[in-house]
Each structure stands twice: as structure tokens, then as C-alpha cells.
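Asker: Kindly generate the corresponding structure for this input.
(one chain, ligands or ions: 1)
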Amino acid sequence: MTALVFFIVSASDPVTNQATPVSFFGTIVFFVSALMAIVLGIVRIAKEYHRIRSCIWIFITAVLAILFFLMQHYAADPTEYYVRYDQEQANHRPVSLHPKLHFFILNGTGSELEQGARFSSDDAALGAVSPAVANMFERVVVPQLNGIWDQCGIAFDVGGINVVRAEKVKFKNLSLAELFGDHEGTRVVFFRSATEGTPWIDGALPILGVPKGDLAVFITGYRIWNTDRYQEAAAATGKDWSILTWPHVYYVNESTGDIVTPKKTLGSLAHEIGHNLGLSHPGEDDAVPENKFSKFNLLTAELKDEFGLQSELIPEQCALVKANLRRR
Ligand SMILES: [Zn+2]
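Answerer: Residues are numbered from 1 along each chain as shown. Down below sits the predicted model:
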């Protein structure tokens, strides 16, 4: 029964946009529960020699086993997505461009990436991430992104990995903390329209030490609320930056930074970087007509919910991106 409760709890993880180890634990719990039920059933048969009651017990066991299996199936398996994405990483292509990515984890937004961060003083805007988080970016996040982007001969270098106190980043009459607000009772990051809000994030980049031409990635534990489309988003993009919702980290080995790869999260980030580098969704781009896009494509947002983001880039996209990168 404990196992059943545990599995229901883990399967109903509300983080729908995140890859979770639900299915990993789910599999273990499924087998443990099924085994427990069978053992208990046998013990009962042996104890009571009561045929009808034993049959009912075995029937319940079977129903529970099927139920577990179905729940397991519906609790999104992170490894189920991005088959091509993983195959992609096995290919090593020649790289000619090395743009820089600067990661900023927004402090106080409840992202587990904030854990273990150290600030030199109470006034410091930037703090150091924990060694585990630093390793995770160097060893997992950037290589996974590069596994996609080397299709265009691009490999990102890490420009920096910091935790940022948004309220300490002040410019004009604003602070970066203007990002945060309340939407229907929950704390969110507001993604405002280009005219209304995003230019002031551009203004924050030099203060954060991001050289011109480099890209910044903001990470938040909050959900992102797109005020233009009136909908929630897993990620959003400005000109030289993107914001990504990433609340949970599941370490396989904390000392080395090995994590259960959150493929949807990293796929979203790869997608937003595509926007940074000048790509648009199929049909929204003059340079690359819709019929030129393959069905599974990094920028096919429509297929996101069904299949997860796919990683294929076509030569026309690579040409655009390279031209844009050289202009930066
Ligand atoms: Zn998009």
C-alpha cells in the first residue's frame, strides 16, 4: 500500500514540462508493488486455504498491476522523447563557430539549480553556483545543446554560470526583478511584449557582464507567463537572451554533476537559441518556406506537445544562423 501511495504521488508530479525520473522510479515501484502483492497473495492462500477469497485477492493484484502499468505509461517517460536528439549527439561534426552562452539562475524563484549558491556579500548581485550545478552545465547541458547545434557547425562555450539576485541588477528606473509578478495567485516570470518589456532585459545584459554578441540564458523555478498570448510558456526569447523554466534537478551523481537529462527543457532551450540566432517557426519565415521544413524540426513548435521538440536542422536554417552569428 505504501508503494501504491508513493507511486501515485510520484506519477502525479505537476511538472508537466519537465522530464522527471517518474518512469524510472515508477518501474521499480511497479515491480516491487507487484512482487509484494503476489507474495502477500501466496501467504494468504497458504494461511487460509480459502479459495474464493484468494481468487479475489489475486484478481485485485492483477487489476493493480494493470493499473500500475497504465499509470507508468501515462507518466511521461523522459527517455521516450527525442530519439533523434540522442542519435544526434552520437554524431560529431566539424565545428567552425564558438559563440558563448552565459547562464543566470534567478535567485529566489525556487529552482533547485539555486541550491548551494554562494554570494560574497549581502549586496552582491552575482553568486557562484554549487560545484554540482557548474559540472552539470559543463558536462551535460552544453554538450547536449552542442549535440544539436553541431549540425550547423556550431558549438557553444560557457561564458559564465551564476546565480543572480534580480533585485540587485538596477538600470534606469528598473531592476531585473520587474520580471517577477503574480498571476492568478502564483508567482511567475512575466514575458512581456517586445515593445513593453523585453528591451529592458537587453539593458541588463551589460550590467551582468555579458559581452555584446554573446547569448544569455535566464533560468527560473517559476512558470513563465506570456502576457501577449495570454498563456503559460516553458521558455521565451528576447534578442540576445532567453528565459527557461527549470524547477527540478535529479542527480545521478551529485559530485560529477550527472543528471537525468531533462530533454524537454534542453530541447526548449535549443529551440529558443534558434530564435536568438534568427530562426522562426515553420511558415513564419520568409527565408525558409514552410514546405522546406522537415516534419521533425527544432523549430516545429506545433509538434512539441505531441512528440517533444525534434532536433533536425536543415541546410537553409544553418546558412541563416551562420550568417547571423558572423554578423554578431
Ligand atoms: Zn518558438
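Asker: Let me see the ranges of the strands in the stretch 101-250 of the chain.
Answerer: Secondary structure of the stretch 101-250 of the chain by DSSP state E, counting those that start in this stretch: the strands cover 126-128, 157-164, 170-171, 174-175, 180-183, 186-191, 215-220, 223-226, 231-233, 235-237, 241-245.
Asker: Of these, which is nearest Leu70?
Answerer: Leu70 lies closest, by Cβ to Cβ, to one member of the strands of the stretch 101-250 of the chain: strand 231-233, at 27.0 Å. To be clear about C-beta, it is placed using only N, CA and C from the backbone, and glycine gets the same treatment.
Asker: Report the strands that pair with the closest one, each with its relative direction.
Answerer: strand 223-226 (antiparallel) (DSSP bridges).
Asker: pLDDT of the partner strand, averaged?
Answerer: Averaged across strand 223-226, pLDDT comes to 90.
Asker: For the nearest residue to Asn276 once chain neighbours are set aside, give me its contacts.
Answerer: Excluding its sequence neighbours, the residue lying closest to Asn276 (Cβ to Cβ, 6 or more residues apart in numbering) is Leu215, at 5.4 Å. Residues in contact with Leu215 (Cβ atoms under 8 Å, 6 or more residues apart in numbering) are Pro99, Lys100, Leu101, His102, Phe156, Asp240, Trp241, Ser242, Ile273, Asn276.
Asker: Next step: those restricted to helices.
Answerer: Judged by DSSP state H, the subset of the contacts of Leu215 located in helices is Ile273, Asn276.
Asker: related to what we said a few turns ago, return the most buried member of the strands of the stretch 101-250 of the chain.
Answerer: strand 215-220 (a mean of 26; mean count of other Cβ atoms under 10 Å).
Asker: which residues does the spatially closest residue to Gln231 that is not a sequence neighbour form a beta bridge with?
Answerer: Distance criterion Cβ to Cβ, 6+ apart; nearest residue to Gln231, sequence neighbours excluded, is Trp225 at 7.9 Å. On the basis of DSSP bridges, Trp225 is bridged to Phe190, Glu232.
Asker: Residue ranges in the protein under the pLDDT threshold?
Answerer: 1-27, 49-50, 71-88, 90, 193-197, 282-283, 285-311 (pLDDT under 70).
Asker: The spatially most central residue of it in helix, strand or coil?
Answerer: Residue closest to the average C-alpha location in the chain (Cα atoms, centre = their mean): Thr265, at 1.6 Å. Assigned with DSSP: H, G, I helix; E, B strand; the rest coil, Thr265 falls in the helix class.
Asker: which residue ranges form the helices in the stretch 1-150 of the chain?
Answerer: For the stretch 1-150 of the chain, the helices defined by DSSP state H, counting those that start in this stretch occupy 2-11, 22-48, 51-74, 83-90, 131-136, 142-149.
Asker: who does the second one touch, helix- and strand-wise?
Answerer: For helix 22-48, the contact count by 3 or more Cβ pairs under 8 Å, 6 or more residues apart in numbering; DSSP states H and E identifies helix 2-11, helix 51-74 as packing neighbours.
Asker: now the third one
Answerer: Contacting helix 51-74 under the criterion 3+ Cβ pairs under 8 Å, 6+ apart are the following elements: helix 2-11, helix 22-48.
Asker: Next, the angle from the last one to helix 51-74.
Answerer: Interaxial angle of helix 22-48 relative to helix 51-74 (axes from the mean of the first three to the mean of the last three Cα atoms, to 10 degrees): 180 degrees.
Asker: Wait, Leu113 touches Ala132, no?
Answerer: No. Leu113 is beyond contact range of Ala132, at 9.5 Å (criterion: Cβ atoms under 8 Å).
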